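Trainee: here's a sequence, model it:
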Amino acid sequence: MSATSVVGIAKRSLNWTIAFSILMILAGIAAIAMPPIAGLAVNIVVAWLLLFSGAMHLVFAWYTRTAGAAVWEVLLGLVYGATGIYLLAQPIAGLAALTLALTVYLFLESVLEFTGWAYLRGRSGSGWLLVDGVITLILAVMIWTTWPSNTEWVIGTLVGISMIFSGTSRLMLSLSARQLVPKSA
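Mentor: Modelled structure (predicted):
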């Protein structure tokens, strides 16, 4: 592979990354504009993912070699499936549980952003990872302090805010990386 084709691939990859970053920012704005709808959409997506995972565990149970493993896979499949069905049947009640799960997720995401910043510290654009980590940690604390009273709007609003800041940090990193790619292809 020639250097020219590698540069071309890098430019196309960065253009796609920039486009997806902008779409993430726009989706975040839409989620903030319609938080109950965004919260219910998150609930439905999680419910279907749980149903799919439950089905996969049940299928995998047929391919395990021991009875104990098969029982374990069937139990996991039933728990995942029942949780997915519950979230679909009771979407408002499911939002309370998802709000708590979102708190844990955002906290862990902030830890990863801080780790990424520490690893890339000193490189152009790495400060945006620190900003993203701080904002994400603040969001996790905000959810925790208002849970469960504001579950109807909190998931859509805070996921939207997180998407805006994540999209912005990725956009800034991509724009910084674009400067490293040679101008001639």
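Trainee: buried sites along stretch 60-77?
Mentor: For stretch 60-77, burial by neighbour count (16 or more other Cβ atoms under 10 Å) applies to A61, E73, V74, L76, G77. Any C-beta I mention is one placed from the backbone N, CA and C, and that applies to glycine too.
Trainee: any idea of the pLDDT on the last one?
Mentor: In the predicted model, G77 carries a pLDDT score of 95.
Trainee: whatever helix or strand it lives in: how far from the chain's middle?
Mentor: G77 is located in helix 67-89, with elements delineated by DSSP states H and E. Remark: helix 67-89 is offset 23 Å from the chain centroid, using Cα atoms, centre = their mean, to the nearest Å.
Trainee: over to stretch 142-159?
Mentor: On the basis of Cα atoms, centre = their mean, stretch 142-159 sits 16 Å off its chain's mean C-alpha point.
Trainee: whatever helix or strand F52 lives in - what's its average pLDDT?
Mentor: Element membership for F52, per DSSP H and E: helix 35-61. Averaging pLDDT along helix 35-61 gives 93.
Trainee: report the angle between it and helix 67-89.
Mentor: Following axes from the mean of the first three to the mean of the last three Cα atoms, to 10 degrees, one obtains 160 degrees for the angle between helix 35-61 and helix 67-89.
Trainee: what packs against helix 35-61?
Mentor: Secondary-structure packing of helix 35-61 (3 or more Cβ pairs under 8 Å, 6 or more residues apart in numbering; DSSP states H and E): helix 3-33, helix 67-89, helix 91-120, helix 151-180.
Trainee: in JSON lines, list those helices along with distance to N43.
Mentor: Shown next, in JSON lines, are the helices and strands packed on helix 35-61 (distance: least, Cβ to Cβ, whole Å):
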{"stretch": "helix 3-33", "distance to N43": "13"}
{"stretch": "helix 67-89", "distance to N43": "6"}
{"stretch": "helix 91-120", "distance to N43": "5"}
{"stretch": "helix 151-180", "distance to N43": "8"}
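Trainee: give me whichever of the ones you listed is most buried.
Mentor: helix 151-180 (a mean of 20; mean count of other Cβ atoms under 10 Å).
Trainee: surely G81 meets V59?
Mentor: No: using Cβ atoms under 8 Å, G81 is not in contact with V59, being 11.9 Å away.
Trainee: of all the helices and strands packed on helix 35-61, which one is nearest I143?
Mentor: For the helices and strands packed on helix 35-61, the distance to I143 is smallest for helix 91-120, at 4.5 Å, taking Cβ to Cβ.
Trainee: for the helix or strand following the closest one, packing partners?
Mentor: Remark: after helix 91-120, the chain's next helix or strand is helix 127-146, criterion DSSP H and E. For helix 127-146, the contact count by 3+ Cβ pairs under 8 Å, 6+ apart identifies helix 91-120, helix 151-180 as packing neighbours.
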